[in-house]
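Quick one, fold the following:
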Amino acid sequence: MEQQVTSKEKILKKVRLALNTKSKSLYQSIDFESNIFALFKEETLAETFVKTFTESGGQFVFCDNQYDCIDKLLDLIELKKWKYIFSWEESIQNLLSESGISHYASKDQIEKVQVAISGCEALIARTGSVLVSSYKNSRAMTVVAPEQVFIVKRSQLVPEIKDGLQVLKNKYGRKTPSLYSFITGPVKTMELPSETPGQMPALIQNGAGPTALYLFFIDDTKTV
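The predicted structure is shown next:
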């Protein structure tokens, strides 16, 4: 007498057969490494960054050289009437000191900060972002300061976020900064729904980050 095979046993048999049989992948040729975005042309890398940076609300200032940068920075300081200027990055501190720009280099009176001036690790053309790290920039400065000035160089431009991360890896090796972040434009104002029907949404301003972002872009690739 033949043994009856239940539906459950038939299903389990098929499952065991499927697990023991390696099927050929239908998607072996998928490329997970190549960039999904259109490639940049070298001559348009800066143009792309300027476009995306300004579209995010940043204010871009082109500088022919370091001296031109200082002249334009002095004009901005006078226009904005900044008195409490903070910088915790040694190279920027030296630049400000050599230019006669008074600034604070410690946490003393940080509650009075009007603007923070610093450099960056890299500039991301695709997103218009400024890559900063805890090695070069203070986290407090990028959060507490109501306005932020970055003094950067054209040679710091990279196409994508992954290229910016590679800059950190090449520069610091295993000593990766404890914190790094991408700053894309000034902090935005948010609207929260009103608790009372019929009332306008509540506006939340001055979130974590500067409400105004200035980028002084020095073209260090020019040859005389």
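
Let me see the contact set for F49.
F49 is in contact with 123-125, 128, 157, counting by Cβ atoms under 8 Å, 6 or more residues apart in numbering. Any C-beta I mention is one placed from the backbone N, CA and C, and that applies to glycine too.

out of everything not next to it in sequence, what's closest to the residue nearest to the spatial centre of the chain?
Geometric centre of the chain, nearest residue: F182, 1.9 Å, by Cα atoms, centre = their mean. Leaving aside its chain neighbours, F182 sits nearest to S129 (4.1 Å; criterion: Cβ to Cβ, 6 or more residues apart in numbering).

a markdown table for the contacts of F49, including secondary structure?
Converted to a markdown table, the contacts of F49 look like this (DSSP: H, G, I helix; E, B strand; the rest coil):
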| residue | secondary structure |
| --- | --- |
| L123 | strand |
| I124 | strand |
| A125 | coil |
| G128 | coil |
| L157 | strand |
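
tell me which of these is nearest to L165?
Closest to L165 out of those is I124 (9.9 Å), distances taken as Cβ to Cβ.

isn't the closest one right up against F182?
Yes - using Cβ atoms under 8 Å, I124 is in contact with F182, at 6.6 Å.

shared neighbours, these two?
130-131, 161, 164.

burial count for E9?
11 (other Cβ atoms under 10 Å).

I'd like the mean pLDDT over the host helix or strand of it, please.
In this assignment (DSSP states H and E), E9 forms part of helix 7-20. Mean per-residue pLDDT for helix 7-20: 81.

Give me the next element, helix or strand, following it.
helix 45-55.

What is the neighbour count of the closest residue to F53 other than its chain neighbours?
Distances taken as Cβ to Cβ, 6+ apart put G128 closest to F53, at 3.6 Å, once the chain neighbours are dropped. Here the count is done by other Cβ under 10 Å, and G128 has 24 residues near it.

on that earlier part again, L74: which of the contacts of F49 is nearest?
Closest to L74, out of all of the contacts of F49 and judged by Cβ to Cβ, is L123, at 23.2 Å.

Who are the contact partners of that closest one?
Contacts here follow Cβ under 8 Å, 6+ apart; on that basis L123 touches 49, 129-131, 152, 156-158.

can you tell me which of those are in helices?
Among these, the members found in helices (DSSP state H) are F49.

just the contacts of L123 now: which is nearest Q114?
Of the contacts of L123, the one sitting nearest to Q114 (Cβ to Cβ) turns out to be V130, at 19.5 Å.

beta partners for that closest one?
Note on V130: beta-bridge partners by DSSP bridges are L123, I183.

ok, it touching I151?
No - with contact defined as Cβ under 8 Å, V130 and I151 do not form a contacting pair (11.0 Å).
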